[in-house]
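A.B. asks: turn this into a structure:
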Amino acid sequence: MVKATTSETSEARDNIVAVGQRVMAKKGFSAVGLNEILTTAGVPKGSFYYYFASKDAFGEALLEQYFKDYLAEIDLTMQQPDRSLADSMIRYFETWRSNQLESDCHGKCLVVKMGAEVADLSEPMRLTLKQGTAGIVSRLAAAIERGSAEGSLSVEGEPALVAESLYQLWLGASVMAKITRDEAPFDAAMRTTRQVLHLSL
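C.D. replies: Numbers count the residues shown, from 1 in each chain. Reported below is the predicted structural model:
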């Protein structure tokens, strides 16, 4: 029997996590069984328990990877030398909107889909969500502060509080867009965002 290399082991684990993100972004955490994930990933059930002690542990790992990738994308968006921070902020929220409106968001809308659900099911997953969303707010606050310094935007109040309010605004808009099956909540969120950042409508 040939023993799997560390690289192969990591690749198999990453594949299970990536498949889990895509499937759960569509259906939620509770509605998806392990068999569906493993069948889609093309791995036997025994392999799952080699990498994860339980479904909750898998959910925690899935969210950790999601936030790692998401925060890296924000960093990239906010560090474009050819764009102002105001433009980068609008680009970020436009991407948010497009991801939420896609029928298959490829796991990019995971927090909206799973947030309220898993926060009541698992304390470790709730804490992972708390830490991850705090990282998002922190990056938005830094972008607002830098944008204010460069003069491309301005806000009333502390950047951290403004960033938190904007993030909560867009989370709410995402939920309402799912309820109404309409883009109007995102239109309203963008108008408010531009007003808060003192940008032209």
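A.B. asks: so residue 122 is in contact with residue 58, correct?
C.D. replies: No - Residue 122 sits out of contact with residue 58 when judged by Cβ atoms under 8 Å, with a separation of 10.6 Å. For the C-beta atoms, the positions are set from N, CA and C on the backbone; glycine is no exception.
A.B. asks: tell me where the chain has helices.
C.D. replies: Remark: helices assigned in the chain by DSSP state H are 6-27, 34-41, 45-51, 55-78, 85-101, 110-119, 123-150, 159-180, 184-196.
A.B. asks: orientation of the longest one relative to helix 85-101 in degrees?
C.D. replies: Between helix 123-150 and helix 85-101, the angle comes out at 150 degrees (axes from the mean of the first three to the mean of the last three Cα atoms, to 10 degrees).
A.B. asks: and the last one, by the same measure?
C.D. replies: Helix 184-196 runs at 170 degrees relative to helix 85-101, counting by the same axes, to 10 degrees.
A.B. asks: so what does helix 184-196 touch, helix or strand wise?
C.D. replies: Helices and strands touching helix 184-196, by 3 or more Cβ pairs under 8 Å, 6 or more residues apart in numbering; DSSP states H and E, are helix 85-101, helix 159-180.
A.B. asks: gap between residue 71 and residue 142?
C.D. replies: Here the criterion is Cβ to Cβ, to the nearest Å. By it, residue 71 lies 12 Å from residue 142.
A.B. asks: burial count for residue 87?
C.D. replies: Using other Cβ atoms under 10 Å, residue 87 has 16 other residues around it.
A.B. asks: so what's the residue count around the closest residue to it other than its chain neighbours?
C.D. replies: In space, and not counting its chain neighbours, residue 87 is closest to residue 152: 7.3 Å by Cβ to Cβ, 6 or more residues apart in numbering. By other Cβ under 10 Å, 18 other residues sit near residue 152.
A.B. asks: I'd like the numbering to begin with 38 instead of 1 from here.
C.D. replies: In the new count, where the first residue is 38, that last one comes out as residue 189.
A.B. asks: which stretches of this structure have low pLDDT?
C.D. replies: Scanning the chain for pLDDT under 70 picks out 38-45, 140-145, 238.
A.B. asks: how does it look with 50?
C.D. replies: 38-41 (pLDDT under 50).
A.B. asks: related to what we said a few turns ago, settle it for me: which of residue 159 and residue 95 has more neighbours?
C.D. replies: residue 95 (23 against 20).
A.B. asks: that one and residue 48: what is the separation?
C.D. replies: 17 Å.
A.B. asks: how about residue 176, what does it touch?
C.D. replies: Residue 176 makes contact with 108, 111, 112, 115 under the criterion Cβ atoms under 8 Å, 6 or more residues apart in numbering.
A.B. asks: I'd like to know which of these is nearest to residue 148.
C.D. replies: Ranked by distance to residue 148 (Cβ to Cβ), the contacts of residue 176 are led by residue 108 at 12.0 Å.
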